[in-house]
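Chemist: Coordinates for the following, if possible.
(chains A and B)
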Amino acid sequence: MKDLSIDFCGIRFKNPFMLSSSPISNCAEMIARAFDAGWGGVAFKTLATQATKIIHPSPRLHNYNYGPSRVIGLQNVEMISDRPLEHNIRDISWLKKNYPEHRIVASIMGFSNEEWKELAKAAEGAGSDMLELNFSCPHMSVEGSGSKVGQAFDLLEKFTETVKNATTIPVMAKMTPNITDMNEPAMYAKQGGADAISAINTIGAITEIGLDDLIPRPSVFGKGAVSGYSGPCVKPVALRFMAEMAQNPELGLPISGIGGIETWIDALEFLLLGASTIQVTTGVIHYGYRIVEDMIEGLSDYMEEKGFNSVEEIVGAALRNVHHTDEFDLERQGFVEYDLDRCIGCGQCYMVCQDAGGQAITWDYEKRRPVMDEDRCLSCMACSFICPVDGLIRYKEAPKGWVRHDPEPKEI
Amino acid sequence: MELQTKEKKVFLENPMEKNFDLTLAVEEASRCLLCFDPPCSQGCPAGTDPGTFIRKLRFRNIKGAIRTIKENNSFGWTCGTVCPTERLCELACSRTEIDKPIQIGKIQGFLVEHSWEIGFAPLKKVSADKDKVAIVGGGPAGLTCGRELVRKGYQVTVFEKKKGPGGNLRFAIPDFRLNQERVDREISEIKSLGVEIKVNTDLEALGGISGIMKDGYKAVFLAPGLWRPIRLGIHGSDMEGVLSATEFLEAVRTGQESGFKEKMGGKTVVVVGGGSVAMDAAETALRQNAQDVYIIYRRSYEQMPADEREKIQALQNGIHFQILTQPIEYVGESRLNAIKCKRTRLGGVDESGRRSPYEIDDSEFNIEADFAIEALATEIDPSLVRKEVDLKWTGNGLIQISDEKYSTSWPGVFAGGDVARGPALVVEAVADGKGAAQAITDYLEGKGGR
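Modeler: All right, here's what the predicted structure looks like:
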């Protein structure tokens, strides 16, 4: 097994895998079981002061399924921790004492400068290794909090500064994706003194509308709302924000990557695009804490196979290949190549090429096989995505000087 | 398999108990590759279009999927349940080349059941003011022909000799394979479209075909089926305990003779034959609490015409297969005690395409048995042949029809189902009903008629 430990804001994590601040990191009992399962750290579910009473809507979650795939997305109206602050503080202390090798990041959310200060001090006092500032919950039922702060950059900077002045431990600002350019709020956080950025929090969304009652889900006694959406379906969006922040030379802060991570491959992609820790919730809601075992083994085996000696070497390794589209070499073109010996004759390639591609395929009804005219292929590759036989359809670079022929209308 | 006591006997593969629910059906539909020219849709004799109804289900167009099935076939549930899909639509499925075919029959059965659950009946009654058409025989061929014709506006009466409609679906296929309530539901849907069904009415009571014609019917569709069991005709056939599968299955199915449970309980039953009816009879005997059930077959396992899944199921349920065995005599006083048999061996291929059996000299042995059920083929009721002399009959005792047109030698008289094609599948009877309805329509509209 490879050493998966990594430095994050000067703190050593035994591995980059963390629980994010959510129902899965609600209390010491749960987190202890997660640590036992292999998780390296936790962002403890967001603490608030006693001044604001937190009540969760009921029901809190709703699933987004695709065909037989369940929970490819998850919508929630979950609030921050509704437990008394003293209980959460006690839990953090207990975890620090019993799991000294694991890292506790206390997520906090204040509703005033004073509250931010109070929470930061309390969390540090309990032994937290770091703080995560929740500027990003998209559906707080308390005014002037969550992503409202994350979208009001000066407030975000002010609260970060407040917390920095009140504590000595590293501070990480958690970003909302419900904006246009994440580098903007991230830079404000940096100016406020943030030591790291975590992203993304959930995306404002509606997953389903009841067709009988016309109420968006989850229906909280007849009312639906735009609220936070997470899970595998948001990963591509999260990866975009990773790359954009990691490629911003002015920002230059470590990033904790969040968004739809379930497997070591998902986690690795975040690392490759510049995250140095990763955080998970929806994957655990779906499959339990046990999934970390496969992340650990998978990442270790990948490092072994590819010759990486530390996780640090992986962080940002793919960034050099992320370009703007105007940098593409348009001189080089290609088309698809079919291995018809393996074709089962379903004809989906034909349909997609007719209706969405370059009409490069005709259908041999007798043999039930596609007939490819590569001179018309757009190299969109859509046929290869739909083909049920893996690797049957492949991309091939065209010879120099090759010219694509557009189809002529049959009769004009 | 564990030894089972009578009380605890568990029957495997009961198709009545493991249908899909909506989630599982959509999940199965999601496995479908949604072929451009679906081979499954070309694999059904009755023109069922799984490629379309599975796609509709996949895109949650559930009512549309039900509509596709019911517009094509009123026996969608029955066919989905008893059709040997593994050698029809599912054999053709492209997915087979990746892993295993889509379970088309189960999806179809589910969709029909779902239509009942949500109260969705896509077919509406149309006013019937066209010619009167008579249908002789209320099995799947006759009822299908009837429903096709009423939908085109013809006035249809189905005359059924037995006490209820359904033919093989009611009087032959056992209830554990085909639930009576659901068959009745499909038949009641056909009735609700305007098909009139007169039971307990045989052809003789109507004065034969000419009698029907005199009553103002402009066309007749003959689909009475084949109900006379062919018997072995060996010594002792008249003994108590020797019976045909046809009478046994009908008695159990209709409950007319409810005494079989008492009579067969703890006894040994021997079924003679290797087709689907033999499997049905053997499985039914097991369910009458018989202690031991044998299937005696003169060829080998491979030559048995029953579907593979039926054979496997029979073996799994504990039925003893006594292959390469020819019964030659029933032994007993007035009641059956044993069946004297000879061992056989297989020789060359005969005209049926199977290797034919030869009895081995001096190989006689007795199988002790309380009941012998002969499950051979069935044939036409000979009185029909005698009376309807104006019809042309084939050498095999079937009604001769013109290719694809279903017309007999008698203008205006059409025939289909088992009586014209010999013993066949339910789905083939449905296909005949549809084809004959089209032929009758063409005839009555003066298009294809003579």
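Chemist: Just want the residue of the stretch 251-400 of chain A that's nearest chain B.
Modeler: A:Gly347 (2.6 Å; CB to the nearest CB). C-beta: built from backbone N, CA, C; applies to glycine.
Chemist: List the contacts of the residue nearest to that residue when sequence neighbours are not counted.
Modeler: Of all residues not flanking A:Gly347 in the chain, B:Phe36 sits nearest, at 2.6 Å (CB to CB, 6 or more residues apart in numbering or on different chains). Residues in contact with B:Phe36 (CB atoms under 8 Å, 6 or more residues apart in numbering or on different chains) are A:346-348, A:350-351, A:363.
Chemist: Which ones among those lie within helices?
Modeler: Judged by DSSP state H, the contacts of B:Phe36 include A:348, A:350-351 as members of helices.
Chemist: and of the contacts of B:Phe36, the nearest to A:Asn98?
Modeler: A:Gln348 (55.1 Å; CB to CB).
Chemist: State the distance from that closest one to B:Leu34.
Modeler: Distance of A:Gln348 to B:Leu34, computed by CB to CB, to the nearest Å: 7 Å.
Chemist: Please identify the helix or strand for the residue nearest to A:Gly347.
Modeler: When secondary structure is defined by DSSP states H and E, B:Phe36 falls outside every helix and strand.
Chemist: For it, give me the pLDDT.
Modeler: At B:Phe36, the pLDDT value in this model is 93.
Chemist: on that earlier part again, can you verify my assumption that the residue of the stretch 251-400 of chain A closest to chain B contacts A:Tyr365?
Modeler: No. Using CB atoms under 8 Å, A:Gly347 makes no contact with A:Tyr365, being 9.5 Å away.
Chemist: Neighbour count for the two, which is higher?
Modeler: Using other CB atoms under 10 Å in any protein chain shown as the criterion, A:Gly347 and A:Tyr365 rank with A:Gly347 on top: 24 against 10.
Chemist: Who are the contact partners of B:Ile230?
Modeler: Contacts of B:Ile230 by CB under 8 Å, 6+ apart are B:376-379.
Chemist: Skip the chain neighbours and tell me the closest residue to B:Ser409.
Modeler: B:Lys392 (3.8 Å).
Chemist: Show me the helices in the stretch 201-350 of chain B, by range?
Modeler: For the stretch 201-350 of chain B, the helices defined by DSSP state H, counting those that start in this stretch cover B:208-214, B:245-254, B:260-264, B:276-287, B:308-316.
Chemist: Check the offset of the fourth one from the chain's centre.
Modeler: Taking the mean of its C-alpha atoms, helix B:276-287 sits 14 Å from the chain's own mean (CA atoms, centre = their mean, to the nearest Å).
Chemist: That one vs helix B:245-254, what angle?
Modeler: 50 degrees (axes from the mean of the first three to the mean of the last three CA atoms, to 10 degrees).
Chemist: Contacts for helix B:276-287 next, please.
Modeler: B:9, B:11, B:172-174, B:176-177, B:245-246, B:248-249, B:252, B:264, B:269, B:271-273, B:293-295, B:297, B:305-307, B:310-311, B:313-314, B:317-319, B:371, B:373, B:375.
Chemist: Is it possible to mark the buried ones in those residues?
Modeler: With burial judged by 16 or more other CB atoms under 10 Å in any protein chain shown, the buried subset of these is B:172-174, B:176-177, B:245-246, B:248-249, B:252, B:264, B:269, B:271-273, B:293-295, B:297, B:305-307, B:310-311, B:313-314, B:317, B:319, B:371, B:373, B:375.
Chemist: related to what we said a few turns ago, the residue nearest to B:Ser409 reaches B:Gln400, doesn't it?
Modeler: Yes. Between B:Lys392 and B:Gln400 there is a contact at 4.3 Å, judged by CB under 8 Å.
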